[in-house]
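In: pasting the sequence and the predicted model now:
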Amino acid sequence: MILNQKEISAITQLHRLAFRIERHADQILLEKLGIGFSQFKILHELDSNPGYKQNQLALALGQTEASVSRQMKLMRSMGLIYSNINPNNRREHITTLTAKGTKLRDASTESLNKYYSSIVSSTSSKDLDRLTDIISKLSVKA
């Protein structure tokens, strides 16, 4: 199948929007809290899914295990997360947030909510529902 100009334009705009949102989120978090958006996503994912293994985090975030490993090493040195050996499988590590990590995740979420709300404030609930449906459909194939 060859894409037509309208389809190419839609994908290009979607890519550009995602890039801009991520770049701005990264800038906000770095300036205000000293962490990047990638680190925030790990904090958020670990909070939502305690005990996730590194490969599960990488899959959930759409990143390589090496990238997640680098971020987690930095985050351990910052005191945001800690890892314990899984008593049921000594080759696995169970990673959880520290109190400092939880506090930083909360502050990050608050900062990002302000930024994200400014993006969607001019969009109706109905349009957001339609956009969510469309993105979900596209994500299945991506």
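Out: Yep, that arrived. Residues are numbered from 1 along each chain as shown.
In: hey, let's count contacts and neighbours off CA atoms from now on
Out: OK.
In: for the residue positioned nearest the centre of the chain, which non-adjacent residue is closest in space?
Out: Taking CA atoms, centre = their mean, the centroid of the chain lies closest to residue 41, which sits 3.2 Å from it. Spatial nearest neighbour of residue 41, chain neighbours left out: residue 61 (7.4 Å); criterion: CA to CA, 6 or more residues apart in numbering.
In: who touches the helix or strand hosting the residue nearest to the centre of the chain?
Out: Taking DSSP states H and E as the definition, one finds residue 41 inside helix 37-48. Applying CA atoms under 8 Å, 6 or more residues apart in numbering, the external contacts of helix 37-48 come out as 22, 25-26, 29, 52, 57, 60-61, 68, 71-72, 75, 95-97, 101-102, 105, 108.
In: export it to CSV, keeping only CA atoms.
Out: Extracted in CSV, the C-alpha atoms of helix 37-48 (Å, rounded to 0.1, in the frame of the first residue of the first chain):
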residue,chain,number,x,y,z
PHE,A,37,11.3,12.8,30.9
SER,A,38,12.8,9.3,30.5
GLN,A,39,13.5,9.2,34.2
PHE,A,40,10.0,10.4,35.0
LYS,A,41,8.5,7.7,32.9
ILE,A,42,10.5,5.1,34.8
LEU,A,43,9.4,6.5,38.2
HIS,A,44,5.8,6.6,37.0
GLU,A,45,5.9,3.0,35.6
LEU,A,46,7.5,1.7,38.8
ASP,A,47,4.9,3.3,40.9
SER,A,48,2.1,1.9,38.8
